[in-house]
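**Student:** please work out how this folds:
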Amino acid sequence: MSGKSIMPSERIERGILLIRGEKVMLDKDLATLYGVSTSNLNKAVSRNIERFPADFMLQLSKEEHKNLKFHFGTSSWGGTRKPPRAFTEQGVAMLSSILRSKRAALVNIEIMRAFVRLRQLIASHSDLARKLADLEKKYDRQFKAVFDAIRQLMTPPASKRHKIGFSKEPEDSR
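**Tutor:** I've put the predicted structure just below:
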């Protein structure tokens, strides 16, 4: 097969959301990518529900669904009767075993690649944050005297504080 994919990776990556601390894709987005209706995708999942444990698929709560619609600024979600299903990376992989079309297999490959790219991106940001923290520690040790001097300059001088309000004593007796 050539290096050209059937689905732009940006389109797939936009569909990956963070819900309950998990990177997931919604049933309606997956159905669009696979070229099937959302109801047909969900019927296939329901017929094979034993393949989708809680760490593969979650049912969004009504509140989560409402928040998603608000976040994306849309009210045209097709009037679904129940909140959408969200599939983790493992759930998306499992979908390829129940959706047996050639398109589903090819789209699944691209989705798996998108999840891998996101993991690599997150890992590179973690490495960068760790390196920055190491540099800050090193920098702090080398310039401790400078930081101490700056802190001393920033500390206001200890002065005698005057009480707020009326006093029986005359001003000059303080």
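**Student:** what is the burial count for Asn108?
**Tutor:** By other CB atoms under 10 Å, the residues close to Asn108 number 20. Yep, even glycine has a C-beta here, placed from its N, CA and C like the rest.
**Student:** kindly report the same for the one 10 residues further on.
**Tutor:** When neighbours are defined as other CB under 10 Å, Leu118 has 15 of them.
**Student:** counting contacts, what elements does whichever strand or helix holds it pack onto?
**Tutor:** Element membership of Leu118, judged by DSSP states H and E, is helix 102-142. If you count contacts as 3 or more CB pairs under 8 Å, 6 or more residues apart in numbering; DSSP states H and E, helix 102-142 packs onto helix 9-14, strand 16-19, strand 22-26, helix 27-34, helix 89-98.
**Student:** apply 7 Å and report the result again.
**Tutor:** Here helix 102-142 touches helix 9-14, helix 27-34, helix 89-98, going by 3 or more CB pairs under 7 Å, 6 or more residues apart in numbering; DSSP states H and E.
**Student:** just for this structure, where's the confidence low?
**Tutor:** Residue ranges of the chain with pLDDT under 70: 1-8, 70-81, 128-129, 132-133, 135-136, 139-151, 154-174.
**Student:** kindly recompute the last result at 80.
**Tutor:** 1-10, 68-82, 122-174 (pLDDT under 80).
**Student:** Ser97: how many residues sit nearby?
**Tutor:** Neighbours of Ser97 using other CB under 10 Å come to 11.
**Student:** which non-adjacent residue is nearest it?
**Tutor:** Excluding the flanking residues, the one nearest Ser97 by CB to CB, 6 or more residues apart in numbering is Arg51, at 7.0 Å.
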